[in-house]
Each structure stands twice: as C-alpha cells, then as structure tokens.
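Asker: Predicted structure and sequence below. I'll ask about it afterward.
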Amino acid sequence: MTLLTFRFAPSPNGELHLGHAYSALLNQKLAKATGGRLLLRIEDIDTTRCTPEFEAAILSDLKWLGLDWEEPVRRQSQHFAEYQTMLDRLIREELVYPAFMSRGDIRAFIADTEKRGRHWPRDPDGVPHYPAQDKTLPTKERKRRIAENAPFAWRLDVEAAMARTGKPLAWTEFADETLVAMRLVEARPQDWGDVIVARREIPTSYHLAVVVDDALQGISHVVRGQDLFSATGVQRLLQEILGLPQPSYFHHRLVLGPDGRKLSKSLGDSGLAAQREAGVQPDEIRRMVGF
Ligand code: GLU
C-alpha cells in the first residue's frame, strides 16, 4: 500500500502565527494517525518578499512546536527549471498568453467600463478579472512588445483550458479531519478569471508551483486553510491540463484573532515568536489552537 503523504507549505514572507501552527500540527497529527509521511515545503518564489531570515525563523518555530518532517525540505526557489518546463508546455499548447496591462491599466479600464454602467466580474477575493483584450493580440504584436522588454505576466486562458479538458472538473474534499466522509466539489476556475501562472522574471506563480510540487512530492492529501478552498478550482484545472495526479483535499477551519478576523502576517500577539518570547510553552499553543 502506498503511504499517505501530507505537507505543510509556508511562505517565508512573514512570521508564523497561530493559524500556521494549527495547520502544521493538524498535518502532523494526520500523518501520524495514518502512518503516513509529513513533508515541509518552503514556498519562496516571491524573491522580493521572501527572505532567508523569515525561513530560518519558520524552521526554528516549527522545531520548537515539535513538528518533525522528512528531509530534504523542498524550496521552490531551487526548482524554477521544473516550473519553466511546465510553463513552456502551456505556452506551446496556447493555453496561456502574455498579459501586458499594469495594475493601473486594469483599474482604469474597469473604471471606464463601470462608468458606462456595465458590471465587471470580481474573483472570490474581490479582485477584478483581467480584461480579455490581450488574449486576441496578434502574435506579431506580442513578439514586438516582448522584444521591447515590455513587462508582462503569463495568464491562463481559462476558457480555452476548460474547453480543452472537455468535461466538468471536481475535486475530492473531506468533511472533517477524520478523513472518512468525502464529497465531490465542482471546480469553478472561471470564478477567478485568467489567473497569472508565471511572470516575465519568475517562471511560475503560486498556483503553478503548488500543483507541480504536490505532484512531484507525491502529495496524496492537501490539508490547508479554508481560505484556499475556492482557489482549489484553479489548481484542479492546471492539474488536468498538465496531466498531473490529483490529491484529495481537506480545507480546515481558520484560527481567528481576538477580533474574530483572519490572522495576518502583521501579527501582534498571535505570532509564534512573540508567544515564545513571552514564555508560552508548545503545549499551551496546542491547546490554544484546539488540540
Ligand atoms: N504557501 C501558502 C501559504 O502560506 C500555502 C499554500 C498551500 O497550502 O497550498 O498560504
């Protein structure tokens, strides 16, 4: 029988907070309970916001918490060549296109459209969808702009990708952490519009790196926060067009701050480092997050 494989995948662009502690400990608990493996992945593709100092602090906090993972740790920044291979495939298959509009361009375009009374779609995080016009730019014009060093991002042509799969997509979601009852959830990548899959300077994005790594690391169970639930639809579509295996998912509850809001990276007291310094013990952290 193949072992179940879990992962905890923090981004070193800030300190860990109680929400991360819950996610890491839950993955560990499930790996132990099922006799499975626990892997750690450092999601550091954003080389402007991720730092070695944050990474060192994360590893230290996780060790202090009592997390034990298999070595080696996978660092996404060391695997750009693998993401590039997948990106090249998407480019060849014309499932991505270079998108040249800056944030300002997008804002102005949408403001103009909405002024004329037309509703503009927003993604589940409230971000406006990318306008369609770059999708139809003639190849010559694309080449000209790229040769002139215009900044751009590779965006997934969601409509084309969905048409290519030719069938509705769904993923398996467990009902709770016993990982027994499950249901199929319809993947709705179209709710996100044409998401970024890579940038001019970095041959990947969060979505692309996650599906490639989950496949390469043989992840069978993705256990992560509820905030990533609907993004799973985009990842499911990428898995399908890249021919990657699909893990099962459990999106767990979020640990909320005292004000009832989602914890953020600008932490205050909910940061693990602050708790440690204040003399809080790992067992207390476990209790605080509900173990
Ligand atoms: N790196 C992501 C984060 O820290 C998590 C990605 C995932 O679990 O799929 O929010």
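Answerer: Alright, I've got the coordinates.

Asker: For the rest of this, base every contact and every neighbour count on C-alpha atoms.
Answerer: OK.

Asker: Look at Glu173 and tell me its secondary structure.
Answerer: Assigned with DSSP: H, G, I helix; E, B strand; the rest coil, Glu173 falls in the strand class.

Asker: Pairing partners for it in the sheet, please.
Answerer: Note on Glu173: beta-bridge partners by DSSP bridges are Arg183, Tyr249.

Asker: which SS class is the residue of the chain found nearest the ligand?
Answerer: For the chain, the residue closest to the ligand is Pro10, as judged by Cα to the nearest ligand atom, at 4.0 Å. Following three-state DSSP, we place Pro10 in the coil state.

Asker: can you tell me how far the residue of the chain positioned farthest from its centre sits from Phe109?
Answerer: Taking Cα atoms, centre = their mean, the residue of the chain most remote from its mean C-alpha position is Arg116, at 34.8 Å. Per Cα to Cα, to the nearest Å, Arg116 is found 11 Å from Phe109.

Asker: try Arg261
Answerer: Distance, Arg261 to Phe109, using Cα to Cα: 32 Å.

Asker: out of these two, which sits in the more crowded spot?
Answerer: Legend: neighbour count by other Cα atoms under 10 Å for Arg261 and Phe109, higher for Phe109 (15 against 10).

Asker: residues in contact with the helix or strand that one falls within?
Answerer: Counting by DSSP states H and E, the element that carries Phe109 is helix 103-115. Residues external to helix 103-115 that are found in contact with it (Cα atoms under 8 Å, 6 or more residues apart in numbering): 119-120, 128, 130-131.

Asker: Let me see the contact set for Ser77.
Answerer: By Cα under 8 Å, 6+ apart, the contact list for Ser77 reads 43-45, 47.

Asker: List, out of those residues, those positioned next to the ligand.
Answerer: Restricting the contacts of Ser77 to those touching the ligand (Cα under 6 Å from any ligand atom) yields Glu43.

Asker: and which of the contacts of Ser77 is nearest to Phe250?
Answerer: Distance ranking of the contacts of Ser77 against Phe250, using Cα to Cα, places Glu43 first at 19.4 Å.

Asker: Report whether the expected contact of that closest one with Gln76 is present.
Answerer: Yes: here Glu43 reaches Gln76: they are 5.5 Å apart, a contact under Cα atoms under 8 Å.

Asker: Quick one: neighbours of Gln133, just the number.
Answerer: Residue crowding around Gln133 was assessed by other Cα under 10 Å; the count is 10.

Asker: Worst mean pLDDT across the helices and strands of the protein, which element?
Answerer: One helix or strand of the chain scores below all others by mean pLDDT, DSSP states H and E: helix 272-277, with a mean of 92.

Asker: and the next element down the chain from that helix?
Answerer: Toward the C-terminus, helix 272-277 is succeeded by helix 282-288 as the next helix or strand (DSSP H and E).

Asker: looking only at pLDDT, what's the mean for that next one?
Answerer: Mean per-residue pLDDT for helix 282-288: 95.

Asker: And it, what's buried?
Answerer: 282, 285 (16 or more other Cα atoms under 10 Å).

Asker: how far away is the residue nearest to Ser220 when sequence neighbours are not counted from Val222?
Answerer: Once flanking residues are discounted, Ser220 sits nearest to Pro247: 4.6 Å by Cα to Cα, 6 or more residues apart in numbering. Counting by Cα to Cα, the separation of Pro247 from Val222 is 6 Å.

Asker: Kindly report the same for Met162.
Answerer: The gap separating Met162 from Val222 is 23 Å, by Cα to Cα.
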